[in-house]
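Colleague: Mind folding the following:
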Amino acid sequence: MDLLFKNITIVTMDDEEFVIENGYLGIQGEKIVYLSKEKPNIQANREIDGKGKVIMPGLINCHTHIPMSILRGYADDYELQDWLFNHIFKAEAKMDDKCVELGALLTVAEMVSTGTTSITDMYINGPVVAEVIKNTGIRANICNGNFCFTEKYDHLEDKGYRQFMEIVEKYHNYSNGRIKIDVGIHGEYTSTPEFWTFWAKKAKEYNLNMHLHLSETELEHENCKKKYGKTPTEILIAHGVFDTQANLAHCVWLEEKDMKLIVEKNASVCHNPVSNLKLASGIADINKMMEMGVNVCLGTDGVASNNTHDLFEELKLSAILAKGKTLCAKTLPAKEALKLATINGAKSQNRDNIGMIKIGYDADLIMVDFSNISHTPVYDVVSSLVYNTIGRDVLLTMVQGKILYENGKFATIDIEKVKEEINSYVIPKLKG
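Modeller: Numbering: from 1, shown residues only. You can find the predicted model right below:
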């Protein structure tokens, strides 16, 4: 056995035994191989004493734009359409491959240091992002957020198509599936019917997940109805966009008929409460969605519209917003809320080997400090994870049995070099 956590509280996310007190968790290679209240007979190469600590599945962030960390604070206090078209798109036009790489590295460092082990990312320059994911060891579903503002779509003239072909051939299912490539459509309002049909067919051809923004703002939702006589959900389904596993970001303005269609298509909704509130887009009705059977997961969006990648922040906010929406404190209890960031995220990514601590699953795990002030006292460990924990409480993060972050140190990222290059290269470039 390579590594044994001992004397530790284990939150398995398995309803059969959700929490194991003073347990033992063994890792061999990429896999979880031992889980018990009893000490194993096998000697481990390394043992970690977990007294005062909690181990749980790594968090799964199902909607990100990781290179955008270099735009943290770039354009705050604007509503989405103004923010996107008048500020963010203009800044992104100045970004080269080095900017994308440095932003992705900075984000991965922030994510692994705050407990995220798997992401669903959409951005530009997919080959650069994929190489960062490959080298840093985090798990990811990756796609380009493809646009098309002309009625006629020629994929041979589209840089996004060429990048898609490069990453799907080079990175899809890399490292025993640690990296998966998705098809990305930025959104209904940034593309056209011919474009949707082309990419829906491409997703089916390669059997890939689909990732897109959907009904994020009232303006987007209502303009689509005026233009096509259908909601964004209806029109995209009509063009085959939901024919493979779909991950739908935001969904703030869904109608009940949209939710029914999403259930029928077995798609997932990624809730991004911090970004939606900061951009004044609204609050997604995840209570109704879950009642109807929608798989709801969590995302941070990009930090240009959130300012952090701390998924524990999204977790707490999701739980308390759900209660505020119904005026009932029993709505979305802690145990169910925690599933949004673990089991439900795994389902959204179409993965059946993460999101739970179980023998045979990949060892994507985080260890949280429960000996500090903000976790004293502890009456219910799950409640404390949802309502007390912040990303800075994370002590250790591993993916496929490999430790990426431990006690403030990064195993795969030279974080001081990344910060220095962002300050000396990226900021002058984007300000210029």
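Colleague: Tell me which residues touch the closest residue to residue 421 other than its chain neighbours, please.
Modeller: Using Cβ to Cβ, 6 or more residues apart in numbering and skipping the chain neighbours, the partner closest in space to residue 421 is residue 102 (5.6 Å). In this view, the C-beta of every residue, glycine as well, is placed from N, C-alpha and C. Residues near residue 102 by Cβ atoms under 8 Å, 6 or more residues apart in numbering: 70, 418, 421, 422, 425, 426.
Colleague: again with residue 141
Modeller: 118, 119, 120, 121, 180, 181, 182, 209, 211, 247, 349 are the contacts of residue 141 under Cβ under 8 Å, 6+ apart.
Colleague: Quick check: which element contains the residue lying closest to residue 36 once chain neighbours are set aside?
Modeller: Excluding its sequence neighbours, the residue lying closest to residue 36 (Cβ to Cβ, 6+ apart) is residue 24, at 5.4 Å. According to DSSP states H and E, residue 24 maps onto strand 19-28.
Colleague: Just the buried ones from the contacts of residue 141?
Modeller: 118, 119, 120, 121, 180, 181, 182, 209, 211, 247, 349 (16 or more other Cβ atoms under 10 Å).
Colleague: Please put the alpha-carbon coordinates of the helix or strand hosting the second one into CSV.
Modeller: Right, the one you point to is residue 119. Using DSSP H and E, residue 119 sits within strand 116-123. Taking C-alpha atoms only, strand 116-123 is exported to CSV below (Å, rounded to 0.1, in the frame of the first residue of the first chain):
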residue,chain,number,x,y,z
THR,A,116,-11.1,21.1,-6.2
THR,A,117,-9.9,18.0,-8.0
SER,A,118,-11.9,18.0,-11.2
ILE,A,119,-13.2,20.7,-13.5
THR,A,120,-15.3,21.2,-16.6
ASP,A,121,-13.6,24.0,-18.4
MET,A,122,-14.7,26.1,-21.4
TYR,A,123,-12.4,28.7,-23.0
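Colleague: Who does that strand pair with, and is each partner parallel or antiparallel?
Modeller: strand 59-64 (parallel), strand 139-144 (parallel) (DSSP bridges).
Colleague: Contacts only, for the closest residue to residue 58 other than its chain neighbours.
Modeller: What sits nearest to residue 58 in space, not counting adjacent residues and going by Cβ to Cβ, 6+ apart, is residue 117, at 2.6 Å. Contacts of residue 117 were listed using Cβ under 8 Å, 6+ apart, and they are 57-60, 138-139, 354, 364-366, 397-399.
Colleague: Check residue 117 and give its pLDDT.
Modeller: pLDDT recorded at residue 117 is 99.
Colleague: From residue 176, how far off is it?
Modeller: Taking Cβ to Cβ, to the nearest Å as the measure, residue 117 falls 15 Å from residue 176.
Colleague: Can you classify residue 55 as helix, strand or coil?
Modeller: Classification of residue 55 using DSSP: H, G, I helix; E, B strand; the rest coil returns strand.
Colleague: From residue 365, how far out is it?
Modeller: 6 Å.
Colleague: Common neighbours of these two, please.
Modeller: 25, 357.
Colleague: Comparing those two, which residue is more hemmed in?
Modeller: residue 365 (26 against 23; other Cβ atoms under 10 Å).
Colleague: Could you list the low-pLDDT ranges of the protein?
Modeller: Nowhere does the chain drop to pLDDT under 70.
Colleague: let's see 90
Modeller: 78-81, 83-84, 89, 151, 431-432 (pLDDT under 90).
Colleague: show me the contacts for the residue most central in space within the chain.
Modeller: Central residue of the chain (Cα atoms, centre = their mean): residue 61, 1.8 Å from the mean position. By Cβ under 8 Å, 6+ apart, residue 61 lies in contact with 111, 116, 118, 119, 120, 298, 299, 300, 309, 311, 345.
Colleague: one step back: ok, the strand holding residue 24: who's next to it in the sheet?
Modeller: Partners of strand 19-28, by DSSP bridges, with direction: strand 3-11 (antiparallel), strand 31-36 (antiparallel).
Colleague: Format those as TSV; extra columns: mean neighbour count and distance to residue 341.
Modeller: Supplementary listing: the strands paired with strand 19-28 in TSV, determined by neighbours: other Cβ atoms under 10 Å; distance: least, Cβ to Cβ, whole Å:
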stretch	mean neighbour count	distance to residue 341
strand 3-11	21	12
strand 31-36	18	19
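Colleague: Out of these, flag the one nearest residue 50.
Modeller: Closest to residue 50 of those is strand 3-11 (Cβ to Cβ; 2.4 Å).
Colleague: What angle do strand 53-57 and the closest one make with each other?
Modeller: With axes from the mean of the first three to the mean of the last three Cα atoms, to 10 degrees as the basis, strand 3-11 and strand 53-57 are set at 90 degrees to each other.
Colleague: For strand 3-11, report the contacting residues that lie outside it.
Modeller: 18-27, 34-35, 39-40, 44-51, 53-57, 338, 357, 367, 370, 381-382, 385, 401.
Colleague: same check, this time on stretch 149-167
Modeller: So stretch 149-167 is contacted by 124-127, 130, 142-144, 146-148, 181, 183, 190-192, 194-195, 198, 202 (Cβ under 8 Å, 6+ apart).
Colleague: And stretch 214-231, by the same measure?
Modeller: Contacts of stretch 214-231 (Cβ under 8 Å, 6+ apart): 79-81, 187-189, 232-233, 235-236, 238, 248-255, 257-258, 276, 279, 281-282.
Colleague: so what are the domain limits for the protein?
Modeller: 3-57+362-410, 59-348 (automatic domain parsing).
Colleague: Quick check: which of those is buried the most?
Modeller: Greatest average neighbour count among these goes to domain 59-348 (a mean of 21), per mean count of other Cβ atoms under 10 Å.
Colleague: Work out the gap between that domain and the centre of the chain.
Modeller: Computed by Cα atoms, centre = their mean, to the nearest Å, the chain-centroid distance of domain 59-348 equals 8 Å.
Colleague: Any idea how far apart the tips of it sit?
Modeller: One end of domain 59-348 sits 13 Å from the other (Cα to Cα, to the nearest Å).
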